[in-house]
Each structure stands twice: as structure tokens, then as C-alpha cells.
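[1] When you get a sec, could you give me coordinates for this:
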Amino acid sequence: DVQLQASGGGLVQAGGSLRLSCAASGFTVDDYVIGWFRQAPGKEREAVSCRHDGSTYYSDSVRGRFTLSSDATKNTVYLQMNSLKPDDTATYYCAAAQTGPPTFWAMMYDHWGQGTLVTVSS
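    Residues are numbered from 1 along each chain as shown. Sure, this is the predicted structure:
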């Protein structure tokens, strides 16, 4: 059974950092397309980053500040978030797709974690 467990959210001041974790079970993270998405209150879900087969992509809004990585020994994917801004406030979700190229299209992802809330204060 494929499962994703996101964690690491919290309250941080603008300019600070957080690292989100997405622990996977039932599959190997390095074999799947992995994506991070976020949804702010009253807004649509937004793609943040995705990765597969050595290629990683970032949305314009986070490029240069966020880094997606993984630890194969822990079967966990991370999203390191630096220089956080109030606009980064959202619930963050990790997602996995068994096939396909890395994509920001949420419909392509088969499995989703439960989300972790990130709040950035000004």
C-alpha cells in the first residue's frame, strides 16, 4: 500500500527556514515522480517542485530558495525552504506518480500525503 506522510511544517518568521519531510512507504521514492504542492487559504493548489530520474524543477516563485532532495536510506523526500516569505504560507503536500516525466500537473499524481501547514509571519 503506497503511503506518504508529510511533516515538518510550523510557524517561522519571514527570512527563516524550514525543512519539510515526506516519508514514503510501499514504494521507492527514487523510482517515482515526486512533487511538492501547496495550497494557501482561498487559493488554488500550486505546484512548487517536482523531480524524477535526476531532473528537478521549481516554480518561479520558489526557485533559488527551495531545494528538493531525498534520502534513499530513509525512503524520504525533503523540501528545504529558505528565505521564507509570508506569501509562502500554505499547507504543503507531497505527491507521487508511478510513471511519467516530472510534472507540475497535479492530476498526474496518484498518491498524496496529508499535508503539513507552513505559516510565515511578517
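[2] so where is the chain shaky, pLDDT-wise?
    For the chain, applying pLDDT under 70 flags no range at all.
[3] List the contacts of the residue nearest the centre of the chain.
    The residue lying closest to the centre of the chain (Cα atoms, centre = their mean) is Trp36, at 2.6 Å. Trp36 makes contact with 20, 22, 47-50, 66, 68, 77, 79, 92-95, according to Cβ atoms under 8 Å, 6 or more residues apart in numbering. C-beta coordinates here come from the backbone N, C-alpha and C atoms, glycine included.
[4] Could you look up the SS state of the residue nearest to Val62 when sequence neighbours are not counted?
    Distance criterion Cβ to Cβ, 6 or more residues apart in numbering; nearest residue to Val62, sequence neighbours excluded, is Val48 at 5.5 Å. Using DSSP: H, G, I helix; E, B strand; the rest coil, the structure places Val48 in strand.
[5] any idea how far Val48 is from Leu68?
    8 Å (Cβ to Cβ, to the nearest Å).
[6] Brilliant, that's me finished.
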